[in-house]
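Here you go, sequence then predicted model.
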Amino acid sequence: QKEVEQDPGPLSVPEGAIVSLNCTYSNSAFQYFMWYRQYSRKGPELLMYTYSSGNKEDGRFTAQVDKSSKYISLFIRDSQPSDSATYLCAMKPGNTPLVFGKGTRLSVIA
Amino acid sequence: GAVVSQHPSWVICKSGTSVKIECRSLDFQATTMFWYRQFPKQSLMLMATSNEGSKATYEQGVEKDKFLINHASLTLSTLTVTSAHPEDSSFYICSAAPAGRRMNIQYFGAGTRLSVL
């Protein structure tokens, strides 16, 4: 079992839809959880950062962490064509490098 | 804030030559920097972790003599691909972790596309 599992998609939604992206993990020591957005041939851009369990909202984006289920989610409301990208979940226990999911390719169709 | 600049964005070189890629944290000090490699439609593969003033720690299977990493200051790390060959062609991305309370967040550069002919 991989440490971080993420459905690679592709996921295609109409403009304005709510998008739900998810990752599961196996290492209960993970404490720091991040979501990155990566456009083609660009570096990952940090979208959301959460420490331990809970929800965090930033504009159209909401990140949720459920440590009891080892499950994290990213919700995108009112999705736009400009949201079309690969979304990577990443996590770590502490002062160690991030462990990444494979990334989910999202297409928002106008 | 938290901008990481990476140069060049694209480099083409002949087989056997060396290529240097720079990674700078522009508005913060980075005690730790990371170098990743990414193949098309795949996730990031960690190559090495470097701490300022120390030797880099390489991941298993990464040749330290081929991928030379220098982290000479709190804002600059370099990756040199020595004697590059076509199989080294890839997308290389650096990442930096700020000192202080945000040390567990990694910010990424825009990446460097290396093509070895």
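Nice, I can see it.

Report the beta-bridge partners for the closest residue to chain A within chain B.
Residue nearest to chain A within chain B (Cβ to the nearest Cβ): B:Phe108, separated by 4.0 Å. C-beta: built from backbone N, CA, C; applies to glycine. Bridge pairing for B:Phe108 (DSSP bridges) gives the partners B:Ser95.

most distant residue from the middle of chain B?
B:Arg101 (23.1 Å; Cα atoms, centre = their mean).

so what's that residue scoring on pLDDT?
Among the per-residue scores, B:Arg101 holds a pLDDT of 74.

Give me the pLDDT for the residue of chain B closest to chain A.
Among the per-residue scores, B:Phe108 holds a pLDDT of 97.

if we can go back for a sec, can you tell me how far the residue farthest from the centre of chain B sits from B:Val3?
With distances taken as Cβ to Cβ, to the nearest Å, B:Arg101 is found 18 Å from B:Val3.

try B:Glu52
Look at B:Glu52 and B:Val3: by Cβ to Cβ, they are 18 Å apart.

that older thread, hmm, the residue of chain B closest to chain A is touching B:Ser5, no?
No: counting by Cβ atoms under 8 Å, B:Phe108 stays clear of B:Ser5, with 10.9 Å between them.

low pLDDT regions in chain A?
Applying pLDDT under 70 to chain A picks out residues A:1.

Please repeat the previous calculation with a cut-off of 80.
For chain A, the stretches flagged by pLDDT under 80 are A:1-2, A:95.

for B:Asp88, phi and psi?
Torsion angles at B:Asp88 (phi, psi; degrees, to the nearest 10) stand at phi -80, psi -10.

May I ask you to confirm that it is in contact with B:Thr82?
No: look at B:Asp88 against B:Thr82 with Cβ under 8 Å: they stay out of range, at 9.5 Å.

Who does B:Lys20 form a beta bridge with?
For B:Lys20, the beta-bridge partners are B:Thr80 (DSSP bridges).

roughly how far apart are it and B:Ser95?
As judged by Cβ to Cβ, B:Lys20 and B:Ser95 stand 18 Å apart.

what ranges do the strands span in the chain?
Went with chain A since none was named. Along chain A, the segments classed as strands by DSSP state E run A:4-5, A:11-14, A:19-25, A:32-38, A:45-51, A:54-58, A:61-66, A:71-76, A:85-92, A:99-100, A:104-109.

Please refer instead to chain B.
B:4-7, B:10-13, B:19-25, B:30-38, B:44-51, B:57-58, B:67-73, B:76-81, B:90-98, B:107-108, B:112-116.

Can you name the residues of chain A sitting close to chain B?
Within reach of chain B by Cβ under 8 Å from any Cβ of the partner chain, chain A has these residues: A:31-32, A:34, A:36, A:41-46, A:49, A:51, A:88, A:90, A:92, A:94-95, A:97-98, A:100-103, A:105.
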